[in-house]
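> need coordinates for the below:
(chains A and B)
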Amino acid sequence: MDYNFREIEQKWRTFWGENKTFKTVEDLEKPKFYVLDMFPYPSGAGLHVGHPLGYIASDIYARYKRLQGYNVLHPMGYDSFGLPAEQYAIETGQHPAVTTEQNIKRYRQQLDKIGFSFDWDREIRTSNPDYYKWTQWIFKQFFNSYYDNKADKAKPIGELIKIFNEKGNKDVDTSNSCSIVFTAEEWRDFSEERQQEILQDYRLTYLAETWVNWCPKLGTVLANDEVVNGRSVRGNHPVVQKKMLQWSMRITAYAERLLQGLEQLDWSDAIKEQQRNWIGKSVGASVFFMIDGHNEKIEVFTTRPDTIFGVSFMVLAPEHLLVEKITTSEYKEKVTEYQKEASLKTERDRQANVKDISGEFTGAYAIHPFTGEKIPIWIGDYVLASYGTGAVMSVPCGDQRDWDFAKYFNLPIKNIFKDIDVSEGAYTEKDSVIDNSDFLNGLPYKEAFEKAIEEIEKRGFGQKKINYRLRDAVFSRQRFWGEPFPIYYKGNTPYVIEDEYLPITLPKVDKYLPTEDGDPPLARAKREDWNYFNGDRMEYNTMPGWAGSSWYFVRYLDPKNDDEFVAKDKVEYWKNVDLYIGGSEHATGHLLYARFWTKFLYDLGYLPFDEPFQKMINQGMILGRSSLAYRIKDSNTFVTLSKKDDFEASAIHVDISLVDNDKLNVERFREWREEYKNAEFITEEDGSFICGSEVEKMSKSKYNVENPDDLVERFGADTLRMYEMFLGPLEQSKPWDTKGINGVHNFLRKFWRLFHDKEGNFAVSEEKPSKESLKTLHKTIKKVTEDLNRYSFNTVVSTLMICVNELNDQKCHHREVLEPLTVLISPYAPFIAEELWTKLGHEEGTVSQASFPVFEEQYLVESSHEYPVSFNGKMRFKLELPLDLAPKDIEKVILEHEKSQKWLDGKIPKKVIVVPGKIVNVVV
RNA sequence: GCCUGGGUGGCGGAACUGGUAGACGCGCUGGAUUCAAAAUCCAGUUCCGGCAACGGAGUGCGGGUUCGAUUCCCGCCCCAGGUACCA
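The predicted structure follows:
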């Protein structure tokens, strides 16, 4: 019997499904291992060959760990709230739940074909009320918590209220946005509404007026990472700035812990660095400058307090609140004009004109805190209102932007660096010695930095300060297809809904669009459409896409629990994810938010770990290889690749199924589309038409998409799995090439043939295999184990190929070799392995319950080694020598060898290096 | 600009801690089988010279350390991803 992969794969797919082979239960006897994929959004387009890449790798690893005796948790689910389903609903009136359900069905079918060992009993969907009940519950925990800076953790808001009642807010050290100070008496006298308003400033999720990225076309707010170059990532629509009352998450309270936590994670440097940059910690000082003739001061943030004596002017952002107050009448007109211009500029324009220097003098002066000098105050749009305090102390000798500004407006440039020339530009290195700076003179950077802060604090015009670029995360979306908030309003005051009424399910609406007043779609629901209603109105916003994905990895541990988001004993057993595989595009979104929520739930004692994903691998993208035909301008004539430069021709994407090895099937091309029916061709000399090619993203519009279903049908899932791994290192982006899949398919057939005779009968020998075959086997076990341990999935495939090639040459058909080899290959090619495992006589279990073979040194012991002999580092010949030969004797044998004579050419070698068991190098 | 990766045959890639560069696969060339094709099998395939034995060059470029460098160090070029008036 030949290798009938279709029959075999169908058989085992059914078997695994019926027997729930990969169902996982807690087992305290076994060590746990949690392997997780980033769960997909089930889009209508289905999967292309790039999607399963990460899933295949994680599945291989999950199967490998299982064979090693671990209790492996390997679940899958769907991030099923999202914009595409909603857009489709707007267009067709179809409820997003319906389309989502259909898409999930299709995803499941495609996934099942590939033979993943997921425990489908643990499947979750973020849009399922059983699931989002707990997303709402977690939101409530954020609402009911504040951040205690002293304890460096979140605590119940009740504790804070108690403190307010007893002592007011004077001494509390929290992460907050409260700008007033009150006593206990005052607190108690506040109205309920006022108290709630103040508490908002302390809660870890709170309502606040915020500048948001508003996308008019999508009718929603977008997160910063959903906007690129002033346009929405989804749909590429323009995005403008708008002020709205929004729910926010106080992620800034966790900035330092999110930064520190990275140290202990086994993630790529690139991702860690991205998160570090995103958090953007800078250490410096906050300094106050009095304004001459006003009872006002300007607060600036600087990372270079050591250069404070170099300040020769100040610049405020055009939007800065003090500008109105301090501008003198003489300069009023110009300043107002400049402010107007700046406000009209979009963020994009400001970025595009980095080189254009602009600004206006306000007519006002600040007083230098140390020297008492009068410093002119300017406004300029290179200072951003949204960062720091929106004001800078300008030190032209130490900052290039300040230097440029000073040069342009002819402002003084005071040099405070010893022996450094600043006439051509600012000196931004930190290796100089301070000069011209009173008490800082003669100090190097680090000492001057500390000394400056010390003096600033001592004299009371500022303090050391740490600034973060990270902003609180906006948590409201004006969409329908998301989690409703567990919130109702009395007047303008929000109240959370009691646990017993959760989940608050999505109400029925007549349309999925905003109302005429611009309220979100949920405002369309009538009172009776809600499964719970209280107060004057319900919250109309829904949660953002990242809400459900910020904690889903926990729900897999206990997916059906209706009393808790996860049971204590389950989370104690499984803990966090040991291996997480997914794309790197989530670096500053999902991966940051999930870490934030985990730390928060850890603070409240709900989770026994504070980092969700211990080890992460980011798989690269599989790119498509597009085929291009060149059409001569204004004609229907196409020209073959080698002659295209003789014409004025433009490239047209051709469906890759019409092209074989760059050769276009001209007949089928004519049939492909009506417009090419009468196409003419200028061919190569041999009459063939050759296409050009380009490596780019897989997309329908480029006709370069390969569908995994087709490949499974033609070659089998085992072949597809192995080939995707064989393409190259997992993390790397690489082009897809369907041609190469044959090589892997042939390998599996060769492997199958080791177990069968010429007639196709199962024929495995019970005799003792040769020493050589055992050596091949154990060499392979060793390499495969090592490679899997370092996640080198591609080289494992090569190793297995080499092994099968060698066994084939050795005519090895022995059980003692083939049985362990079957287990070895099973993580990659589970279907064929199951079939052969059964044939080998294991009727009882499946190969997934076998034990991973362990390599034995004894089979690899060599008595001799083929020494490469180099002369001056260049390998010239090889010589087989016993391994127990002493280096001195090796040297002797080599030098006396006839081939050496030629290279020595009568000369005496200067030096002979013998590395026993490795190489010999002769220096002439 | 800054940060993080990376640059090896016609292509994807291998070489894990400095020790035979190009494993494995694709493609290509030749041969066997076949009426023919597909499939399969065998041989060859880094480049240059040579029928060959063999010789020379060679891991983006230039330099260095070393008996020996794809691997380590210095300078530069190019590609990909991220990020940006962040004070």
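> switch to C-alpha atoms for all contacts and neighbour counts from now on
Will do.
> please enumerate the strands of the stretch 251-400 of chain A.
A:281-291, A:297-302, A:313-316, A:360-367, A:374-379, A:391-394 (DSSP state E, counting those that start in this stretch).
> of the ones you listed, which approaches A:Pro608 most closely?
Closest to A:Pro608 of these, according to CA to CA: strand A:281-291, at 27.6 Å.
> ok, is that closest one in contact with RNA strand B or not?
Yes: judged by CA under 7 Å from any atom of the strand, strand A:281-291 and RNA strand B are in contact via A:282, A:284.
> direction included, what does that strand pair against?
Counting by DSSP bridges, the strands paired with strand A:281-291 are strand A:297-302 (antiparallel), strand A:360-367 (antiparallel), strand A:462-468 (antiparallel).
> and those strands: which comes nearest A:Phe5?
In terms of CA to CA, the element of the strands paired with strand A:281-291 nearest to A:Phe5 is strand A:462-468, at 56.7 Å.
> and the contacts of the closest one?
A:252, A:255, A:279-288, A:301, A:388, A:453, A:456-457 (CA atoms under 8 Å, 6 or more residues apart in numbering).
> same question for stretch A:738-755.
For stretch A:738-755, the surrounding residues in contact (CA under 8 Å, 6+ apart) are A:3, A:715, A:719-720, A:722-723, A:760, A:762-764, A:801, A:804, A:807-808, A:811-813, A:818.
> filter those down to the ones close to RNA strand B.
Among the contacts of stretch A:738-755, proximity to RNA strand B is found for A:Met801 (CA under 7 Å from any atom of the strand).
> just the buried members of the contacts of stretch A:738-755?
Among the contacts of stretch A:738-755, those buried by neighbour count (16 or more other CA atoms under 10 Å) are A:3, A:715, A:719-720, A:722-723, A:762-764, A:801, A:804, A:807-808, A:812-813, A:818.
> how about the residues of the stretch 201-350 of chain A by RNA strand B?
Residues of the stretch 201-350 of chain A lying near RNA strand B (CA under 7 Å from any atom of the strand): A:225, A:269-270, A:273-274, A:277-278, A:280, A:282, A:284, A:301-304, A:350.
> hmm, I typed the wrong one, I wanted the stretch 551-700 of chain A.
By the rule CA under 7 Å from any atom of the strand, the part of the stretch 551-700 of chain A lying against RNA strand B is A:585, A:661.
> where along the stretch 801-924 of chain A do the helices fall?
Using DSSP state H, counting those that start in this stretch, the helices found in the stretch 801-924 of chain A span residues A:815-825, A:830-839, A:887-896, A:898-904.
> the stretch 101-250 of chain A now?
Using DSSP H, counting those that start in this stretch, the helices assigned to the stretch 101-250 of chain A run over residues A:129-143, A:157-167, A:184-189, A:192-200.
> select, out of the ones you listed, the one closest to RNA strand B.
RNA strand B sits nearest to helix A:192-200 of all those, at 25.4 Å, using CA to the nearest atom of the strand.
> output the contacting helices and strands for that closest one.
When contacts are defined as 3 or more CA pairs under 8 Å, 6 or more residues apart in numbering; DSSP states H and E, helix A:192-200 packs onto strand A:493-496.
> next secondary structure after the strand it packs on?
Remark: after strand A:493-496, the chain's next helix or strand is strand A:537-538, criterion DSSP states H and E.
> so for that next one, mean pLDDT?
Mean per-residue pLDDT for strand A:537-538: 96.
> quick check: what element follows it along the chain?
The element immediately downstream of strand A:537-538 (helix or strand, assigned by DSSP H and E) is helix A:546-549.
> quick check: next helix or strand after that next one?
Beyond helix A:546-549 in the direction of the C-terminus, DSSP H and E gives the next helix or strand as helix A:552-555.
> contact partners of whatever helix or strand comes next after that following helix?
Where DSSP H and E defines the elements, the next helix or strand beyond helix A:552-555 is helix A:568-574. Contact with helix A:568-574 is made by A:26, A:28, A:32-34, A:554, A:557-558, A:606-608, as judged by CA under 8 Å, 6+ apart.
> which parts of helix A:568-574 are buried?
A:571, A:574.
> quick one: mean pLDDT over that helix.
Taken as a whole, helix A:568-574 carries a mean pLDDT of 97.
> quick one: name the residues of the stretch 701-850 of chain A near RNA strand B.
Applying CA under 7 Å from any atom of the strand, we find that the stretch 701-850 of chain A lies next to RNA strand B at A:726-729, A:732-735, A:739-744, A:746, A:750, A:783, A:786, A:794-795, A:797-799, A:801-802, A:805.
> out of those residues, name the ones that lie in helices.
Members of these lying in helices (criterion: DSSP state H): A:726, A:741-744, A:746, A:750, A:783, A:786, A:794-795, A:797-799, A:801-802, A:805.
> domain ranges for chain A?
If you go by automatic domain parsing, the domain ranges for chain A are A:22-137+A:549-618, A:154-254+A:472-538, A:281-468, A:622-696, A:716-859, A:862-923.
> is any part of the last one close to RNA strand B?
Yes: Domain A:862-923 comes into contact with RNA strand B (CA under 7 Å from any atom of the strand), by way of A:866, A:868, A:872-876, A:878, A:911, A:913, A:915, A:918-923.
> how far does that domain sit from its chain's centre?
Averaging C-alpha coordinates over domain A:862-923 and over its chain gives two centres that are 51 Å apart (CA atoms, centre = their mean, to the nearest Å).
> quick one: name the residues of the stretch 401-550 of chain A near RNA strand B.
A:401, A:469.
> any idea how far the residue in the stretch 401-550 of chain A positioned nearest to RNA strand B is from A:Ile504?
RNA strand B sits closest to A:Arg469 of the stretch 401-550 of chain A, with a gap of 4.6 Å, by CA to the nearest atom of the strand. Counting by CA to CA, to the nearest Å, the gap from A:Arg469 to A:Ile504 is 35 Å.
> and A:Phe439, by the same measure?
Distance, A:Phe439 to A:Ile504, using CA to CA: 64 Å.
> rewinding a little: include mean neighbour count and distance to A:Glu674 when you put the helices of the stretch 101-250 of chain A into a markdown table, please.
Below are the helices of the stretch 101-250 of chain A laid out as a markdown table (neighbours: other CA atoms under 10 Å; distance: least, CA to CA, whole Å):
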| stretch | mean neighbour count | distance to A:Glu674 |
| --- | --- | --- |
| helix A:129-143 | 22 | 49 |
| helix A:157-167 | 16 | 69 |
| helix A:184-189 | 15 | 78 |
| helix A:192-200 | 16 | 64 |
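> okay if I get those helices as JSON lines plus mean pLDDT?
Below are the helices of the stretch 101-250 of chain A laid out as JSON lines (pLDDT from 0 to 100):
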{"stretch": "helix A:129-143", "mean pLDDT": "97"}
{"stretch": "helix A:157-167", "mean pLDDT": "96"}
{"stretch": "helix A:184-189", "mean pLDDT": "95"}
{"stretch": "helix A:192-200", "mean pLDDT": "94"}
